[in-house]
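*Asks:* What would the 3D arrangement of this be:
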Amino acid sequence: MVKFNQELAKRLTKEQLDILRQYVEEKNEIPIRVVYTQEYWDKIAKDSDYQLANREISALKKSISRLSKQIGENKINIIHLGVGNGFEAPIIIDGLNKNNIVNYSIVDVNPTMLEIAENELHQKCSSIKVKKFPVDIETYGIKNICEETRKDGTAINVICLVANGVLFSNEELVQEIFDNMNNDDYFFLTLELYQKGKDEEIIQSYLIPSVLDLLSNGIRIIGFEPKYEEFSAEMDKNDNMLKVYYSPNTDKTKRFLVLHSYKPSIEQLNERMNNFGFIGVFCEEYLEIHTSAGLFRK
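*Replies:* Purely as a prediction, here's the structure:
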């Protein structure tokens, strides 16, 4: 039985608390999507030690011109999943022809972050129509988002999942993306890859204080007072996942999974996309930063 810290639990909806309780009791897992806040995310975004962000933004900048070339002069809608504070949105707009973007739908489980992302978009390009969806897409999917985005926009949706290996680790969500694409739609993805000999570098981005503070926020809600030394991380080679655990009093027999992020090789990524039925337009690996960017169709 989960005993919530009632004061900290006040900021969660009943639905979020139910999801948190279910995950903790059935899976010994704390789903990061229901516990992250603007305050903690801002700390990570401003942390110079969070090198993962630099690598993933670099992959976005390296690949956006190929996405632009593929789209050409077609009118498009953008559906930006897990948009957070919208940091990547101006890069996407700059890389594409902003006059060809009709609707820009921003999707995040945190309404406060959506407000920040919306302001970012309006400052960048006031002519683009911004649609906000404060939705837990891992629970409710994206069917309605795709339909509403297309309704008063244009026929082609470009679904973007940028720098979000946590969301991409959810196979049901990836299937949901495929199922709700039309033949003219695109799925644009950037992702950190696993690279042999880079385990420590990959893991380190998840064990810096700003990230552990975010993860601790969720752990406190279920009644613990975590210390940094009670966290550990590993690369699970069986399912190509980086996993971060919290072990109360460093007792690993009672550990909770607090974060998991898909980290495949480029070959494993292409195989996974093929298995879902996606057709690759391009999928590039940037060896020096062990990240990738890919564009896929149905």
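*Asks:* Can you check which helix is longest in the protein?
*Replies:* Counting residues, the longest helix found in the chain (DSSP state H) is helix 51-71.
*Asks:* average model confidence for it?
*Replies:* Taken as a whole, helix 51-71 has a mean pLDDT of 92.
*Asks:* ok, and for that helix, which residues are buried?
*Replies:* Judged by neighbour count using 16 or more other C-beta atoms under 10 Å, the buried positions of helix 51-71 are 52-53, 55-60, 63-64, 66-67, 71. Placement of C-beta: from N, CA and C, glycine included.
*Asks:* residues touching the residue positioned nearest the centre of the chain, list them.
*Replies:* Nearest to the centroid of the C-alpha atoms of the chain, with distances taken as C-alpha atoms, centre = their mean, sits Asn164, at 2.9 Å. Contact analysis of Asn164 by C-beta atoms under 8 Å, 6 or more residues apart in numbering lists 81-82.
*Asks:* so what's the backbone phi/psi at it?
*Replies:* Backbone torsions for Asn164, taken as degrees, to the nearest 10, come to phi -140, psi 70.
*Asks:* Tell me which residues touch Arg150, please.
*Replies:* With contacts defined as C-beta under 8 Å, 6+ apart, Arg150 is in contact with 77, 157.
*Asks:* Please identify which helix or strand holds it.
*Replies:* Taking DSSP states H and E as the criterion, the element that holds Arg150 is helix 143-151.
*Asks:* Name the next helix or strand downstream of that helix, please.
*Replies:* Toward the C-terminus from helix 143-151 - assigned by DSSP H and E - lies strand 156-161.
*Asks:* Just checking: what are the partner strands of that following strand?
*Replies:* Sheet pairing for strand 156-161, assigned by DSSP bridges, gives strand 76-81 (parallel), strand 186-192 (parallel).
*Asks:* Out of the helices and strands in this structure, which is least certain?
*Replies:* The weakest-scoring helix or strand in the chain, judged by mean pLDDT, DSSP states H and E, is helix 38-45 (a mean of 78).
*Asks:* Quick one: residues in contact with the longest helix of the chain.
*Replies:* The contact list for helix 51-71 (C-beta under 8 Å, 6+ apart) reads 44-45, 87-88, 91-92, 94-97, 100, 156, 158, 162-163, 186, 188, 190-192, 201, 204-206, 281-282, 284, 286, 289-293, 295.
*Asks:* the inter-axis angle of that helix versus helix 38-45?
*Replies:* Using axes from the mean of the first three to the mean of the last three C-alpha atoms, to 10 degrees, the interaxial angle of helix 51-71 with respect to helix 38-45 works out to 90 degrees.
*Asks:* picking that back up, if we go by neighbour counts, what in the helix holding Arg150 is buried?
*Replies:* If you call a residue buried by 16+ other C-beta under 10 Å, then helix 143-151 has these buried ones: 145-146, 148-150.
*Asks:* Out of those residues, the closest to Lys254 would be?
*Replies:* Within these, distances to Lys254 taken as C-beta to C-beta reach their minimum at Ile145, with 38.0 Å.
*Asks:* Quick check: nearest residue in space to that closest one, chain neighbours excluded?
*Replies:* Once flanking residues are discounted, Ile145 sits nearest to Phe133: 5.1 Å by C-beta to C-beta, 6 or more residues apart in numbering.
*Asks:* again with Pro31
*Replies:* Nearest-residue entry for Pro31: Tyr23, 5.0 Å, with adjacent residues in sequence omitted and distances by C-beta to C-beta, 6+ apart.
*Asks:* re earlier: so how far is Lys243 from the residue nearest to the centre of the chain?
*Replies:* In this structure, Asn164 and Lys243 are separated by 16 Å, where distance is defined by C-beta to C-beta, to the nearest Å.
*Asks:* on that earlier part again, now, which of the buried residues of helix 143-151 sits nearest Ile128?
*Replies:* When the buried residues of helix 143-151 are compared for distance to Ile128 (C-beta to C-beta), Thr149 wins out at 12.3 Å.
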